[in-house]
Structures are given as C-alpha cells and as structure tokens.
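Asker: sequence unknown, structure follows:
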C-alpha cells in the first residue's frame, strides 16, 4: 500500500543516503518521457523538502530542458537489498548552473566531479513510499568510473565544446539552457 508524506522523514533521508543509484523522471508537455539512472554519490538531502544531485556532462540534458519548460521532476529510489522499499519524490525542479550564485551556494555539499555541469534541485511537493516486493535483490559492486575518466581526459575547452554540441537541446528540440553553463 502506498503511503504519502508532505516531506522526507529522518528515516527516509537515511534510506536515501544508503542507495547507490536513483532515477530521474521528467517530460515535456509534448514529447518523450525521460527516465535516467544516476549514481556516483551525487545525491544530497538539503532539508526535508529540498534535495539535489550533482549532474555531470552526458550525452543529453533532458531534465534541464523539461524543468525549463514545465518544472516537473520526479526522483525515485529503489532498494535492491533485502529491505523492500520504493521511494518517489515529486516536485518542481531547479537547475543551478556553474558560475551562478546558486551553484556557489550548493556546490560545497558535493564532491566535485570532473565534468560536473549543473546541480539539479528538487523542491518537494510530496513523497510516496510503496512496497517494492517485486524488485529483485541485487548486489552493489562499485560505481563505474567511465564517465569521470572520460571527462578527466578532456580539457575545459573540450568539455564546453562537447556540451555546446550535445547538451543545448533536448531530444525533442527543447532548449536546455546549457549555453548558460559556462557563463556565455
């Protein structure tokens, strides 16, 4: 049975801290729904109604485009251990881009990863838990280092150029605001 909360409880924040993976879900008013897996110890609870993750350079920038269009964002955590729980955070997203005052305010809460492009903040409207009884039990081995290694092999200029080529528009053609990433 699903249970709804207005905010994260202390117990749910502890659960979040224990999860090596989370998923983001966003969608434009007209276009594809995007679901993305995230990891690399990039998620933080700021308080019971505000969370965020350090978003690194990737092949797309869908959440930023969708947040810019309509603000909607869902984040899901799912236990793959013997503890059964699915946790969904519903709310309004905010993108704190590099070089902005909001970035400077938040970045000290994270371990800065090479290739970090923005911090995605979720202002929580509601929290839902459900059983997760059908989720398989799986073992966490380690984070992949492929993305960090790739970014480490790029100069700052090459990272900017990559984001300009790959991250300025969503797959449905929406602007992502990524031209603001480097302050130009």
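Answerer: In hand now; what should we look at? As the structure is a computational prediction, the values presented were derived from the model and not from experiment.
Asker: going forward, measure contacts between C-alpha atoms and count neighbours the same way
Answerer: OK.
Asker: Stretch 170-178: end-to-end distance?
Answerer: This stretch, stretch 170-178, spans 10 Å end to end (CA to CA, to the nearest Å).
Asker: Residues contacting that stretch, please?
Answerer: If you take CA atoms under 8 Å, 6 or more residues apart in numbering as the criterion, stretch 170-178 is touched by 31-32, 60-62, 64-66, 68-69, 163-164, 167-169.
Asker: Using neighbour counts, trim these to the buried set.
Answerer: 60-62, 64-66, 68, 163, 167-169 (16 or more other CA atoms under 10 Å).
Asker: possible to save the residues you listed as CSV with distance to residue 107 and pLDDT?
Answerer: Below are these laid out as CSV (distance: CA to CA, whole Å; pLDDT from 0 to 100):
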residue, distance to residue 107, pLDDT
60, 22, 93
61, 19, 95
62, 21, 97
64, 17, 97
65, 21, 97
66, 22, 98
68, 21, 96
163, 20, 92
167, 21, 93
168, 22, 93
169, 25, 94
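Asker: Who are the packing partners of the longest strand seen in the chain?
Answerer: Of all the elements of type strand in the chain, the one with the most residues (DSSP state E) is strand 116-130. Judged by 3 or more CA pairs under 8 Å, 6 or more residues apart in numbering; DSSP states H and E, strand 116-130 is in contact with strand 3-5, strand 50-56, strand 86-97, helix 101-106.
Asker: so which of the ones you listed comes closest to residue 148?
Answerer: Each of those has some distance to residue 148 by CA to CA; the shortest is strand 50-56, at 8.7 Å.
Asker: Quick check: can you name the pairing partners of that closest one and their directions?
Answerer: Using DSSP bridges, strand 50-56 pairs in its sheet with strand 43-47 (antiparallel), strand 116-130 (antiparallel).
Asker: Adding mean neighbour count, write those out as JSON lines.
Answerer: Shown next, in JSON lines, are the strands paired with strand 50-56 (neighbours: other CA atoms under 10 Å):
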{"stretch": "strand 43-47", "mean neighbour count": "17"}
{"stretch": "strand 116-130", "mean neighbour count": "20"}
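Asker: just the angle between the top helix by length along the chain and strand 116-130, please?
Answerer: For the chain, the longest helix by residue count, based on DSSP state H, is helix 156-166. Per axes from the mean of the first three to the mean of the last three CA atoms, to 10 degrees, the angle that helix 156-166 makes with strand 116-130 is 60 degrees.
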